[in-house]
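**Student:** Quick one: sequence plus predicted model below, questions after.
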Amino acid sequence: MRLITRQTALAAVGAVMLCGSLAFADAAEIRVLNWQGYGTDESFAVDAFAKKTGNTVVHDYFTSEQEMLTKLRTNPGAYDVVLVNSAFVKQAKDEGLIAKIDTSDMPNVKDLSPNLGKEPNLVVGGDTYGVAWTWGVTSLTVNKDKVSPLPTSLAVLWDPQYAGKVSIRDDGIEAIQFAALATGQDINDPKDLDAIKAKLKALMPQVKAFWGSENDWNQFFSAGDFYVSTYWSGGAGRSIAKGLPLKFIVPTEGAVGWLDSLAIPTASKNQAAARAFINYMIDPEFYVQWAAKGSPMSANAKAAAALPDTSFNKVTLGDPAVVARVHFVKPLSEDTRKKYLELWQDMKARQ
Amino acid sequence: MAFATRTDAARAGGMLTPAYVWLAAAIFLPLSAMLFFSMLSAAPFVSSDWRFTTANYAAFFSRSLYPYLLARSLGLSAIVTALCVLIGYPCAYVLARQIRGRSREALFLLIILPFWSNSLVRIFSWAIVLRGNGFLEVAINAVLPFPVSLSLMFSFTAIVIGLVHSYLPYVVLTSYLALQAIDDSLVEAARSLGAPFRTILWRILLPLSLPGLVAGAVLIFVPVAGSFMEARILGGRAGTLYGTVIEDQFVAVFNWPLGAALSFILLAVVFVILGVASPVLRRAR
Amino acid sequence: MNMPSASGVVGRVYVGLVLFFLYAPILVMALMSFNASEFYQLPFHFTLEWYRRLSGNEQILRAAARSLWIAVATTIFATTIGTMAAIALFRYEFPGKRVLQAMLFPPIAIPWLITGTSMLVFFFWVGIGRGTPAVILGHVALALPYVIVVVAARLETFDIQLEEAARSLGASPWRVTWAVTLPWIASGVVAGALFAFAVSFDQFVVSYFLAQPGDATLPVVIYTSIRKGFTPEINAISTIIIVISMAVMLEASRRFRFGGEQR
């Protein structure tokens, strides 16, 4: 009786697989690899794109950049569009994971802000490997009901008044970058690691908990677990839209800037459809609707200009003086990454 | 019963083969690949210049952080296992030997049910209970006449609570199965000879149900040593354990060889611990 | 067994307390599915909004259904071959038995992250790739050690002489298994099945790496949504699952006995 049960089960599995593969046979389907809830999987966007081009969009997600690389490495041909942070584009390109993108059939590309669209990590020797999509900053956030007057400097993270009410992201590289900002060093190449270590050591007693995701951040913030923290501008926009009393500040020392791009994996079989999707993603029509829900800033200057004047992104990141204080992240060598991780692990473990 | 005949051997083979072939194909071969990686300087499908090295294993000894965290994780395992046994065994005892009838099965299944809830959601629910202005604080303040501010979140205690909660049903389940199989007449006989409860427990129940208890304890001790979810979410600054640094090698950097080496060291240590403990337990029987 | 009723009461109260501890976060989880705060904050305001949104959330519903049938398939495979293996390990002595028993530990000891990643790499290299068969392959492999350990623990309390007696009366080993061994260890087999189901239903890593894009299971959807933030819709689906499981379990306990022959 058991053997029959197993055979029946196997037959059932086989039948379902067959049905599944048949369903995909006729539609042009593109597969997108991205963070969950990060723009490309907005239902209005997927529907609008399907209506425009007839292509359906299926998503797969990752929860860290390393996982994104792992999925690309072990799944050639499985994805058509992938989100690659600009600091990782060089690595992905050198490994042959992402392909050169022919932007001639993508009308929105010419509207990209020149410094972002032609960013040397994304456009190498005239060839585009990543289409600049969104950018934002990781900077200071305070609970405006609990912290006054509003601080203008990163020093508030070290302010003993807020001991036990500080939270930073559980990311060694980011922690080191903020310590670098606080000690006036270059975030991409800090020379004085001892100063950074000292700064981080002084920060540890201030920290109640580390946040690792927007989920953590929102819950801890609402529960009053911290008043001062570092946070992404896109997340801040979303959280403000949901009614949380936070103020996003770009302090005098500056903030950490990042640029996300959309790329096409080399083995993708739907490159034309993928290009159409990416073109739609940098379209002002898509962007304005997305930004209303909370999003990072678009790399498309036209799309950014199309935002309403009261929108969070325009208010926070529209001022050129503010933008001048943003230090953009550059690629890190794997060895440096490992070194930073070890530093961070040591810092966290020996409290 | 040894292999009396060749057909016996064939039968044993037939019964063992499906499970072990499955394990071999899906776990051991992949793990061997990992073992292979652990002895390389870089994962071969990433960088083409890799070579054999014991540096990853040596790293465990050269960097004091790793042994420190391993000890911390094993300590956590011991505490969680001990708590689960102390809480779970009496519970299994009551269920197996004191409660009768249909309600017993129902209670037993109720104890197993939390297993089926998603662990991530469960851990976050603990966060809601334990944090400031969480359920625990609100409940206590409702009862006590003076205001109390209580937050257990972001501490080693919170990690322990989360883990004990997740793993308690293991030991209840296995102990229940063992206790329930003990022949009533043994206990009746001891009772009629005037033995006090303590003796019955120590000389009859415990020895006979020890296999179940030990199975449960092992199913708890072993995974907790490598756990990282509860630590990351509930532990705050106290949340760095051996499992979290292994996870870092896969999500924060691309250092699979080191992550693999650290895991195999964990496995080896666990084997040693179990190997040392088993003769002790055997004698107890 | 004649126990004085005082300790009987103490026993029941104790079990009650343990149940309360076990269900505290479950109750909180269920409560929060009815709470208006999307950040899980008190004070409590009742709403059915999350259930309403859940009914329209195809992604979660499809993932839950997928998790369910994968778990059922895993349970059937794992319980079947796991029980067979456990019986064989119990019944026979042979060189290498210790090794086979020791082989059950690595899957439990090594963090699932490592095992899942190594499966990903190995399956890719060997050509099995991704997809539902790969997921089930992985789930059953992870559940097997638990089934074998639990059934083996139950077998330890089984008197092998019963088997030998039946053999000496002329029964074939197959019949012995069916008529003598299995009924005795039935509760262990059921327990193993429950474990296998739990392992599969909550399994995140293997599904994360091995499922086809778009074919996510519930734990994967939950885990990946952490980036943007959970919403109580997740609580809603979890509550529904728990309530249904409870109903199924209680109904099953009414029909089947898991106790031994003695009572």
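**Tutor:** Good, I have the coordinates.

**Student:** alpha carbons only for contacts and neighbour counts from here, please
**Tutor:** Fine.

**Student:** Can you verify residue C:145 is assigned to a helix?
**Tutor:** Yes - assigned with DSSP: H, G, I helix; E, B strand; the rest coil, residue C:145 falls within a helix.

**Student:** Could you check how many residues crowd around the closest residue to it other than its chain neighbours?
**Tutor:** Distances taken as Cα to Cα, 6 or more residues apart in numbering or on different chains put residue C:104 closest to residue C:145, at 5.2 Å, once the chain neighbours are dropped. A count of nearby residues for residue C:104, using other Cα atoms under 10 Å in any protein chain shown, gives 18.

**Student:** Now do residue C:104 against chain A, distance only.
**Tutor:** From residue C:104 across to chain A, the span is 23 Å (Cα to the nearest Cα, to the nearest Å).

**Student:** Name the residue most distant from the centre of chain B?
**Tutor:** residue B:145 (39.8 Å; Cα atoms, centre = their mean).

**Student:** tell me which element the closest residue to chain C within the stretch 1-150 of chain A falls in.
**Tutor:** At 4.7 Å from chain C, residue A:60 is the closest residue in the stretch 1-150 of chain A, using Cα to the nearest Cα. If you go by DSSP states H and E, residue A:60 is part of strand A:56-61.

**Student:** Return the residues of chain C in contact with chain A.
**Tutor:** Residues of chain C lying near chain A by Cα under 8 Å from any Cα of the partner chain: C:39-41, C:73, C:76-77, C:80, C:120-121, C:124, C:132-133, C:209, C:213-214, C:216, C:224-230.

**Student:** returning to that earlier point: residue contacts, the residue farthest from the centre of chain B?
**Tutor:** Listed by Cα atoms under 8 Å, 6 or more residues apart in numbering or on different chains, residue B:145 has no contact partners.

**Student:** What of the one 3 residues further on?
**Tutor:** Each residue near residue B:148 by Cα under 8 Å, 6+ apart is listed here: B:137, B:140-141.

**Student:** Identify the residues contacting residue C:116.
**Tutor:** Contacts of residue C:116 by Cα under 8 Å, 6+ apart are C:138, C:205-206, C:209.

**Student:** Which residue lies nearest the spatial centre of chain A?
**Tutor:** For chain A, by Cα atoms, centre = their mean, the most central residue is residue A:260; offset 6.1 Å.

**Student:** Show me how chain A divides into domains.
**Tutor:** Using automatic domain parsing, the domain parsing of chain A gives A:27-135+A:258-314, A:136-257+A:328-349.

**Student:** what's the burial count for whichever residue of the stretch 1-150 of chain C sits closest to chain A?
**Tutor:** In the stretch 1-150 of chain C, the residue that lies nearest chain A is residue C:39 (5.4 Å; Cα to the nearest Cα). The number of residues packed near residue C:39 is 23, by other Cα under 10 Å.

**Student:** Same question for residue B:276.
**Tutor:** Residue B:276 has 11 neighbouring residues, counting by other Cα under 10 Å.

**Student:** OK, contacts around the residue in the stretch 101-250 of chain B positioned nearest to chain A?
**Tutor:** At 4.0 Å from chain A, residue B:236 is the closest residue in the stretch 101-250 of chain B, using Cα to the nearest Cα. Going by Cα under 8 Å, 6+ apart, residue B:236 touches A:208-210, B:153-155.

**Student:** Residue A:49 is in contact with residue A:280, isn't it?
**Tutor:** Yes - counting by Cα atoms under 8 Å, residue A:49 touches residue A:280, with 7.4 Å between them.

**Student:** Output the below-cut-off pLDDT ranges for the chain.
**Tutor:** You didn't say which chain, so I picked chain A. A:1-27, A:351 (pLDDT under 70).

**Student:** I was after chain C.
**Tutor:** For chain C, the ranges with pLDDT under 70 are C:1-6, C:255-263.

**Student:** and the residue of it nearest chain A?
**Tutor:** Of all residues in chain C, residue C:229 sits closest to chain A, at 3.7 Å by Cα to the nearest Cα.

**Student:** if we can go back for a sec, partners of the strand holding residue A:60, with directions?
**Tutor:** strand A:29-34 (parallel) (DSSP bridges).

**Student:** coming back round to it: can you classify the residue farthest from the centre of chain B by secondary structure?
**Tutor:** Applying three-state DSSP: residue B:145 is coil.

**Student:** cool, the one 3 residues further on as well?
**Tutor:** Three-state secondary structure (criterion: three-state DSSP) places residue B:148 in coil.

**Student:** From chain C, how far out is it?
**Tutor:** Relative to chain C, and taking Cα to the nearest Cα, residue B:148 is found at 17 Å.

**Student:** ok, now residue B:107?
**Tutor:** Taking Cα to the nearest Cα, one finds residue B:107 at 9 Å from chain C.

**Student:** quick one: that residue is in a helix?
**Tutor:** Yes - counting by three-state DSSP, residue B:107 is part of a helix.
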